[in-house]
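K.L.:
Sequence first, then the predicted structure, then my questions.
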Amino acid sequence: MGANRCRDPIIVVEDLYINFYTYAGIVKAIDGVSFCIERGETYCLVGETGCGKSVTSRALTRLILPPGKIERGRILYYPEPGKVVDIMKLSEEELRMIRGDEITYIFQDPGTALDPLYTIGYQISETMLVHGYINRIKEGISKAIQLLKETLIPDSEQRAKSYPHELSGGMKQRAVIATSLANRPKLIIADEPTTALDATVQAQIMELLRNLKKQRGLTILLITHNMGLVAEMCDRVGVMYAGQLVEEAPTEELFQNPLHPYTRALLRAVPNPLKKIEKLESIPGTVPNLIYPPPGCRFHPRCAHVMDTCRRQKPMFIRVGDKHYVSCWLYSRR
Amino acid sequence: MAGVVTEHVQGADKGYDEAVREAWRFLPGEKPLVVLYRLKKYFPVKGLIRVKGWVRAVDNVTLLIPEGKTLGLVGESGSGKTTIGRLVLRLIEPTSGSVFFMGRNIFKLRGRDLRWFRRNAQMVFQDPYGSLNPRMTVYDIINEALRTHKIDVGDPKEYIIKLLYEVGLNETHLYRYPHEFSGGQRQRIAIARVLALQPKFIVLDEPTSALDVSVQAQILNMLKDLQRRYNLTYLFISHDLGVVRYMSDYIAVMYVGKIVEIGPAEEVFEKPFHPYTKMLLASIPVPDPEYVKKKPPIRVVGEPPSPVNPPPGCRFHPRCPYASEKCKREEPSLVEVEHGHWVACWHPLN
Ligand SMILES: Nc1ncnc2c1ncn2[C@@H]1O[C@H](COP(=O)(O)OP(=O)(O)OP(=O)(O)O)[C@@H](O)[C@H]1O
Ligand SMILES: Nc1ncnc2c1ncn2[C@@H]1O[C@H](COP(=O)(O)OP(=O)(O)OP(=O)(O)O)[C@@H](O)[C@H]1O
Ligand code: SF4
Ligand SMILES: [Mg+2]
Ligand SMILES: [Mg+2]
């Protein structure tokens, strides 16, 4: 499907379909998503609640639990250039060795990522133990302290001995980031890592991620619904709507020249705090129910430019410019 | 001043003149609807046996909420925004200080007067689901509000349908239950219920934080439209500064229980005087890559302190790049730095 649009990808996803089998019906959560992440870049997935950002990111290490099921698609992981691992073919055990080591996750709520019963130092050390980098918890403590320093936690020696509840939300998230760095991370998947935090603390965490990426040469997949964070953090952006990738472009290009009607509307619906806005534009209607997704383009019931074809046929994801792709009939030759 | 007061309010309560005189300084030229005067709310921190200390959630706040306008209240988590919202609706009693609504001290109101106040001052919460009874239809939810407040509207069904249209719903939604609606629609229902009482004053506490941006824009535009048509007064609470700027005529910035800056929305955003306001504004990610490239790097230091033992002097001093010895010892009070723009800081910017 031409999903490999990258020169030196670390991840390639091709034609991914994921369903959730619920009592109410089959939720067609991910509907043919393809993208790749360039080694060393920060790639953003942006979109509104339920559009499939988290599910997509979890699928990268097949972290989809029942009632969810990856129906089809290819997920390729390139730990280094030229070396490829087919994620769909790995055993659970092999996946566990990658998860938490080379590919790590940072989730929205740092509270759930940390075990309340163990000290921060213990937990960081344990991650190293699980992946065989050390033989005893004690060996990892000094590395843990160093990681806490690296994530700018004050009094890191003391903090290594603290329990999660003794830390503020921002400090907890730093500790989670420290944990994610414990082994040999190549790709960090940060799923709304600052949504639960205050603005000033969010700015600090983002600064930290930016610096870590630079110093350690990491690749970041950032998931967010905040267009501001996209602008500040990302090299390239994928916009998702109702389980589909509707547009992808380098960040500046996306803001300057958004093409998909949804992307355009989304950008105009976000109040920019630095500008006086007379009237915000809103998108009529609401996101569709994915048990009965609209046929054709899933955005068509809310689209101001809807045409007949849109209601019947799903538009292809086509190239419209340098690294700029869009899935909309307005730009397709029929 | 007393003469001016009675122009707006018949039979103001004791203490109103003094309160309005102080609060009016901040928003001259506006007509006061709600006046907060030296308002404090301390919550006890309970130890095993005794009270260990006090959360100074709201600490000596004097403020005016102007009629027909929107006052935006911003500040980080725990700064006391919701507590102020609950105090001005008398959902909780203050530790000390007073709140006047159209000249009446709301904490002294009884009987008929209290019912008058309850009907006129309403709240819309962040989570519309939590505030709507899941076992009642939309019709019942709104009708119950009418009955509770003993409001006679003639034919309730006709009245409620009209309200639904007002908030972008219609008669087909009348006999549905809350779970059958999306988050945005539920917020519309919550707003319809509030409008049913024809209030003068509405506290909006993060009304769109749980909603998607596309839906948020719908609700914000609707709120603005309703305000214009019914001359509503809003206290708009949010930590999303973009949303607050869009909605507000005036902004009050809170930091650990105190108002540190207040002024016309455009002034506060364009030219913040308080180092905290500046830090807060610089922390917001801006949806504009061109701007991001030029943006000077910001230094955000530390995290908000605990309101149990707030730092002495200026509460912001441990995080402030401009803090002097004086800041550590003496608490600054609000002073006017430009016409109608007030700041509590020993070393205001600009
Ligand atoms: N365990 C589950 N059972 C049923 N449906 C699910 C489950 N997990 C996810 N889904 C569905 O999959 C779709 C995508 O969900 P996902 O969590 O990826 O959204 P998201 O983009 O991350 O949204 P948010 O911004 O709210 O985090 C949604 O429609 C959701 O209802
Ligand atoms: N009922 C209560 N008992 C004890 N402490 C309380 C109570 N209600 C609020 N507090 C405390 O008062 C302070 C102010 O809380 P408040 O809810 O007003 O903050 P806020 O500015 O609305 O924050 P947020 O942005 O998180 O909603 C916090 O430290 C909070 O923990
Ligand atoms: S009073 Fe001092 S510490 Fe407080 S904000 Fe102003 S300069 Fe900073
Ligand atoms: Mg998610
Ligand atoms: Mg609150």
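P.N.:
The structure has been received and is ready for your questions. Numbering: from 1, shown residues only, chains lettered A, B, ... in the order given. Ligands and ions are numbered 1, 2, ... in the order given.
K.L.:
For B:V300, grab the count of nearby residues.
P.N.:
17 (other C-beta atoms under 10 Å in any protein chain shown). C-betas here are computed from N, CA, C, even on glycine.
K.L.:
First-to-last residue distance for stretch B:298-308?
P.N.:
Terminal residues of stretch B:298-308 are spaced 28 Å apart (C-alpha to C-alpha, to the nearest Å).
K.L.:
Now it: buried residues?
P.N.:
For stretch B:298-308, the buried set under the neighbour-count rule, 16 or more other C-beta atoms under 10 Å in any protein chain shown, comprises B:V300, B:E303, B:P304, B:P305, B:P307.
K.L.:
Give me the average confidence score over that stretch.
P.N.:
The average of the pLDDT scores along stretch B:298-308 is 81.
K.L.:
Against ligand 3 - does it have any residue that ends up touching it?
P.N.:
No. Contact of stretch B:298-308 with ligand 3 is not found when judged by C-beta under 6 Å from any ligand atom; the minimum separation is 10.9 Å.
K.L.:
Include secondary structure when you put the buried residues of stretch B:298-308 into CSV, please.
P.N.:
Below are these laid out as CSV (DSSP: H, G, I helix; E, B strand; the rest coil):
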residue, secondary structure
B:V300, coil
B:E303, coil
B:P304, coil
B:P305, coil
B:P307, coil
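K.L.:
Take those residues and lay them out in JSON lines including distance to B:R21.
P.N.:
Below are these laid out as JSON lines (distance: C-beta to C-beta, whole Å):
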{"residue": "B:V300", "distance to B:R21": "38"}
{"residue": "B:E303", "distance to B:R21": "37"}
{"residue": "B:P304", "distance to B:R21": "32"}
{"residue": "B:P305", "distance to B:R21": "32"}
{"residue": "B:P307", "distance to B:R21": "29"}
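K.L.:
Output those of those also counted as contacts of ligand 2.
P.N.:
Checking these against ligand 2 by C-beta under 6 Å from any ligand atom, the ones in range are B:P307.
K.L.:
Can you pick out the most distant pair from the buried residues of stretch B:298-308?
P.N.:
Within the buried residues of stretch B:298-308, B:V300 and B:P307 form the most distant pair, 19.5 Å apart (C-beta to C-beta).
K.L.:
And for the residue in the stretch 51-200 of chain B positioned nearest to ligand 1, the neighbour number?
P.N.:
Here the residue of the stretch 51-200 of chain B nearest ligand 1 is B:G183; by C-beta to the nearest ligand atom that distance is 10.7 Å. Around B:G183 there are 18 other residues, counting by other C-beta under 10 Å.
K.L.:
Then B:D152?
P.N.:
The tally of other residues near B:D152 (other C-beta under 10 Å) stands at 8.
K.L.:
My read is that B:E76 contacts A:Q202, right?
P.N.:
No. Look at B:E76 against A:Q202 with C-beta atoms under 8 Å: they stay out of range, at 10.2 Å.
K.L.:
Between the two, which is the more surrounded one?
P.N.:
Taking other C-beta under 10 Å, B:E76 and A:Q202 do not tie; A:Q202 has more neighbours (23 against 20).
K.L.:
pLDDT value on B:G47, please?
P.N.:
As predicted, B:G47 sits at a pLDDT of 79.
K.L.:
show me what contacts it?
P.N.:
When contacts are counted by C-beta atoms under 8 Å, 6 or more residues apart in numbering or on different chains, B:G47 is found next to no other residue.
K.L.:
Contacts only, for B:I219.
P.N.:
Taking C-beta under 8 Å, 6+ apart, we find B:I219 in contact with B:G184, B:Q187, B:R188, B:I191, B:P207, B:T208, B:L211.
K.L.:
For the first one, give its distance to A:A242.
P.N.:
Looking back up the chat, that one is B:G184. B:G184 sits 16 Å away from A:A242, going by C-beta to C-beta, to the nearest Å.
K.L.:
Likewise for the fifth one?
P.N.:
Counting by C-beta to C-beta, the gap between B:P207 and A:A242 amounts to 25 Å.
K.L.:
quick one on the thing from earlier: okay if I get the contacts of B:I219 as a markdown table plus distance to ligand 3?
P.N.:
Formatted as a markdown table, the contacts of B:I219 follow (distance: C-beta to the nearest ligand atom, whole Å):
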| residue | distance to ligand 3 |
| --- | --- |
| B:G184 | 38 |
| B:Q187 | 36 |
| B:R188 | 40 |
| B:I191 | 37 |
| B:P207 | 30 |
| B:T208 | 30 |
| B:L211 | 34 |
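K.L.:
Which of the residues you listed fall in strands?
P.N.:
The strands, defined by DSSP state E, take in nothing from these.
K.L.:
Now render those as a markdown table, adding pLDDT and neighbour count.
P.N.:
Converted to a markdown table, the contacts of B:I219 look like this (pLDDT from 0 to 100; neighbours: other C-beta atoms under 10 Å in any protein chain shown):
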| residue | pLDDT | neighbour count |
| --- | --- | --- |
| B:G184 | 83 | 22 |
| B:Q187 | 89 | 30 |
| B:R188 | 90 | 24 |
| B:I191 | 93 | 24 |
| B:P207 | 91 | 28 |
| B:T208 | 89 | 24 |
| B:L211 | 83 | 24 |
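K.L.:
Now tabulate those in TSV and tack on distance to B:V253.
P.N.:
Formatted as TSV, those follow (distance: C-beta to C-beta, whole Å):
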residue	distance to B:V253
B:G184	28
B:Q187	26
B:R188	30
B:I191	26
B:P207	19
B:T208	20
B:L211	24
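K.L.:
Which of those fall in helices?
P.N.:
B:G184, B:Q187, B:R188, B:I191 (DSSP state H).
K.L.:
Any stretches of chain B with poor pLDDT?
P.N.:
Residue ranges of chain B with pLDDT under 70: B:1-10.
K.L.:
now with 50?
P.N.:
Low-confidence segments of chain B, defined by pLDDT under 50: B:1-8.
K.L.:
ok, and A:E232, which helix or strand is that part of?
P.N.:
According to DSSP states H and E, A:E232 maps onto helix A:227-233.
K.L.:
That helix and chain B, are they touching?
P.N.:
Yes. Legend: contact between helix A:227-233 and chain B by C-beta under 8 Å from any C-beta of the partner chain is shown at A:M227, A:G228, A:L229, A:V230, A:A231, A:E232, A:M233.
K.L.:
Closest one of these to chain B?
P.N.:
Nearest to chain B among those, counting by C-beta to the nearest C-beta, is A:G228 at 2.9 Å.
K.L.:
So for the closest one, what's the nearest residue that isn't a sequence neighbour?
P.N.:
Closest residue to A:G228 apart from its sequence neighbours, by C-beta to C-beta, 6 or more residues apart in numbering or on different chains: B:P285 at 2.9 Å.
K.L.:
Verify the stated contact: that neighbour with A:H225.
P.N.:
No. B:P285 lies out of contact with A:H225 (C-beta under 8 Å); the separation is 11.7 Å.
K.L.:
what are the phi and psi angles of the residue of the stretch 51-200 of chain B found nearest ligand 3?
P.N.:
Closest residue of the stretch 51-200 of chain B to ligand 3, C-beta to the nearest ligand atom: B:G75 (14.0 Å). Backbone torsions for B:G75, taken as degrees, to the nearest 10, come to phi 160, psi 160.
K.L.:
Equivalent analysis for B:G97, please.
P.N.:
Taking degrees, to the nearest 10, you get phi 90, psi 180 for the backbone angles of B:G97.
K.L.:
same check, this time on A:P301
P.N.:
The phi/psi pair for A:P301 (degrees, to the nearest 10) is phi -60, psi -20.
K.L.:
Who does the residue positioned nearest the centre of chain B form a beta bridge with?
P.N.:
The residue lying closest to the centre of chain B (C-alpha atoms, centre = their mean) is B:L235, at 3.6 Å. Using DSSP bridges, the bridge partners assigned to B:L235 are B:L71, B:V203.
K.L.:
list the contacts for it?
P.N.:
Contacts for B:L235 (C-beta under 8 Å, 6+ apart) come out as B:V34, B:I65, B:T70, B:L71, B:L73, B:I84, B:G85, B:V88, B:F201, B:I202, B:V203, B:L204.
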